[in-house]
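Q: what follows is a predicted protein model with its sequence.
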Amino acid sequence: MKVAESKLTSQGQISVPAEIRRRLGLAPGSILEWEVDGDVVRVRRAARYASTDIHETLFPDGPPAARTLDELRRGLRDDIVKRHARR
């Protein structure tokens, strides 16, 4: 199903049709990924951040120490009690 079409300029540029920009949530500065598979070209919005970028931001000193399920549950329970304790 054809949604829209664009014309290639002599400089090798294209305009992304407004309907496509709306559907993909594109704005100035958005990055698009191009994938070629034979005669088929797929264009999609690139992810903003790779999972490795997020992981490095959350854990700048390396991965956290391994915890058991009981330790995680105890930590969550203690945090909830602390946050909701009457003052």
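A: Great, that's in hand.
Q: where in this structure is pLDDT low?
A: 87 (pLDDT under 70).
Q: which helix runs longest in the chain?
A: For the chain, the helix with the greatest residue count under DSSP state H is helix 69-84.
Q: for that helix, the distance to its chain's centre please.
A: Computed by C-alpha atoms, centre = their mean, to the nearest Å, the separation of helix 69-84 from the middle of its chain amounts to 29 Å.
Q: quick one: contacts of that helix?
A: Contact partners of helix 69-84, identified using C-beta atoms under 8 Å, 6 or more residues apart in numbering, comprise residue 67. C-beta coordinates here come from the backbone N, C-alpha and C atoms, glycine included.
Q: could you dump it to PDB, C-alpha only?
A: The C-alpha trace of helix 69-84 is given here as PDB (Å, rounded to 0.1, in the frame of the first residue of the first chain):
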ATOM      1  CA  LEU A  69      15.400 -12.500  44.600                       C
ATOM      2  CA  ASP A  70      14.900 -12.400  48.400                       C
ATOM      3  CA  GLU A  71      17.400  -9.500  48.600                       C
ATOM      4  CA  LEU A  72      15.500  -7.600  45.900                       C
ATOM      5  CA  ARG A  73      12.200  -8.200  47.600                       C
ATOM      6  CA  ARG A  74      13.500  -7.100  50.900                       C
ATOM      7  CA  GLY A  75      15.100  -4.000  49.400                       C
ATOM      8  CA  LEU A  76      11.800  -3.000  47.700                       C
ATOM      9  CA  ARG A  77       9.800  -3.700  50.900                       C
ATOM     10  CA  ASP A  78      12.200  -1.600  53.000                       C
ATOM     11  CA  ASP A  79      12.100   1.300  50.500                       C
ATOM     12  CA  ILE A  80       8.300   1.300  50.500                       C
ATOM     13  CA  VAL A  81       8.100   1.200  54.300                       C
ATOM     14  CA  LYS A  82      10.600   4.100  54.400                       C
ATOM     15  CA  ARG A  83       8.800   6.200  51.800                       C
ATOM     16  CA  HIS A  84       5.300   5.700  53.400                       C
END
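Q: fine by me, thanks again.
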